[in-house]
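>>> give me a 3D structure for the following:
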Amino acid sequence: MPSKQSLIRRLSDEIVNLKKSPLYAYRIKNGYQPVIGAGSLDARIVLIGEAPGKNEALTGKPFCGASGKVLDQLLQSINLKREDVYITSVVNDRPPENRDPSPKEIGLYSPFLLRQLSIIQPRIIATLGRYSMNVILSEFCLEHNIKPISQNHGSYYKAKTTWGEVVIIPLYHPAVALYNGSKRAILLEDFKTLKKFTNS
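Down below sits the predicted model:
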């Protein structure tokens, strides 16, 4: 049986060479890297963002800019560090000008996300923002629960997977705290929901 490391390495190689992606040429032209994910491959918690920003695409690391600092503070508020969790995103390449990922791009990259989840086999999936919430709830047959993120944040849903039951917790994207200070307090409160399940 291949190790988790070798399975992630194989997946990473496929994304690096994903020439059929409309974002591949943009990546090469700008000297960007795909952002596969980072953290523990044995993590109980996987956090899923939307797509890499410029800092992420330049370094190949998820959440390494201003919103990453917010995420670190949120994790710290429930006594977790980055190395305790695994962080990835729905789309692994940066869309031009930080635009929203297109349905075609989401459809192309989301199978890689699902493979990552099946390799890591987390007990908790925390979605960061509406795009990852919509993808994950749909993939786990919970699309009837999809509402605006302003209504769904901080709630939780249980789903059956090939490796057992998982809890899915939709959260605001940490970047919202950079533009709206009141959202930081909401995120801190929502992370308490995450903490409740990490202790169970």
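>>> give me the contact list for the longest strand along the chain.
Longest among the strand segments of the chain by residue count, using DSSP state E, is strand 164-171. Strand 164-171 is contacted from outside by 121-129, 133, 136-137, 140, 142, 149, 152-159, 187, 190-191, 193-194, 197, using C-beta atoms under 8 Å, 6 or more residues apart in numbering. (Each C-beta comes from the backbone N, C-alpha and C, glycine too.)
>>> which PyMOL command selects the buried ones in the residues you listed?
Of the contacts of strand 164-171, the buried ones go into a single PyMOL selection, burial set by 16 or more other C-beta atoms under 10 Å:
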select buried, resi 121+122+123+124+125+126+127+128+129+133+136+137+140+149+152+153+154+156+157+187+190+191+193+194+197
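>>> still on that earlier bit, list the buried residues in whichever helix or strand comes after the longest strand of the chain.
Note on strand 164-171: by DSSP states H and E, the next helix or strand toward the C-terminus is helix 176-179. By 16+ other C-beta under 10 Å, the buried positions in helix 176-179 come out as Val176, Ala177.
>>> can you give me the helices for the chain?
Here the chain has its helices, by DSSP state H, at 4-16, 24-30, 54-59, 66-77, 103-120, 130-139, 149-152, 176-179, 181-198.
>>> I am finished for the moment; much appreciated.
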